[in-house]
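Enquirer: Pasting the sequence and the predicted model now:
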Amino acid sequence: MSWGALAFIGIFALAAGCALWNWRVRRGAERRLIALGFEPCPADAPALERSWRDVTRASPEHEISVSGCLRRAAGWGMLHRFGVADRAPGSDPDSARVGAHYPAYLVDLREPASIARAAVTLYLLPPGNPLARRLIEKTLALSARGRKLELSGRPGSEAILSAYADSGAKLDDVMPEDVQQRIARAAAHGFLFVHVARGKAGFAASPGHRDVDAQLAYLSEWC
């Protein structure tokens, strides 16, 4: 057998192994969430897809679908957890995009006006290598929606990598300091970005993050 064939088999085996691992992570998270009181709600999928479009301010051409929907009463509203698959306009339908599939939570906010004065998206990354952070920030800017906001840089909000909103020049114009710090803490629990709009907050998590107990403990601050 040629080296090329062996390399192809190796790549295929690696991809299959990653797919199996991801499936096990998803199934394990679903079992744990059901044990914690969540219930499957497949009938909510169309409404959740519309809500996720609204909260992320996705363009009509942006392809978004949700699956694996679960829900639980939380505070005065509902907490939903589901998988999101999205594809930017113009993407090759036969190609797989990194980060196109991720778990998400959607929370009904009791007092949305006290959380943000405009629709806003915050990208999160724990403090680390400054060069890597700048490179990631530039990559995110290519598909970000809205106007880039100036960050405060205050202690407690360092995990906010960048923020975009429909209006305002600074994040302080849109969001109170204590809320910024609360959102920054989400990075430690595997959340990658947070959207706030239309009376809801949407939290997108890393596909490989398995500690749903810690995520739910954090999200309880919003319910």
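Expert: All right, it came through fine.
Enquirer: In this protein, where is pLDDT below threshold?
Expert: Applying pLDDT under 70 to the chain flags residues 1-28, 88-100.
Enquirer: Try it again at 50.
Expert: Residues of the chain meeting the criterion pLDDT under 50: 1-21, 23, 93-99.
Enquirer: just the strands in it please.
Expert: Per DSSP state E, the chain carries strands over the ranges 39-40, 63-74, 77-87, 101-108, 120-124, 147-148, 160-165, 191-197, 200-205.
Enquirer: Run the angle between the last one and strand 120-124 for me.
Expert: Meaning strand 200-205. Angle, strand 200-205 to strand 120-124, by axes from the mean of the first three to the mean of the last three CA atoms, to 10 degrees: 20 degrees.
Enquirer: my read: residue 218 touches residue 186, true?
Expert: Yes. Using CB atoms under 8 Å, residue 218 is in contact with residue 186, at 6.3 Å. Where C-beta positions appear, they are placed from N, C-alpha and C, glycine not excepted.
Enquirer: higher neighbour count, these two?
Expert: Legend: neighbour count by other CB atoms under 10 Å for residue 218 and residue 186, higher for residue 186 (25 against 18).
Enquirer: can you tell me which residues contact that one?
Expert: For residue 186, the contact set (CB atoms under 8 Å, 6 or more residues apart in numbering) comprises 124, 159, 194, 203, 218.
Enquirer: Next, format these as TSV and append distance to residue 30.
Expert: Below are the contacts of residue 186 laid out as TSV (distance: CB to CB, whole Å):
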residue	distance to residue 30
124	24
159	27
194	22
203	17
218	19
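Enquirer: and the two most separated of those?
Expert: Comparing every pair within those by CB to CB identifies 159 and 203 as the most remote, at 13.6 Å.
Enquirer: The two: which has the busier surroundings?
Expert: For the pair residue 159 and residue 203, the greater number of neighbours falls to residue 203 (25 against 21), based on other CB under 10 Å.
Enquirer: now that one, nearest residue through space, not along the chain?
Expert: Among residues not flanking residue 203 along the chain, residue 105 sits closest, at 4.5 Å (CB to CB, 6 or more residues apart in numbering).
Enquirer: Please work out how many residues are found near residue 43.
Expert: Using other CB under 10 Å, residue 43 has 8 neighbouring residues.
Enquirer: and the gap between it and residue 174?
Expert: Going from residue 43 to residue 174 by CB to CB, to the nearest Å gives 34 Å.
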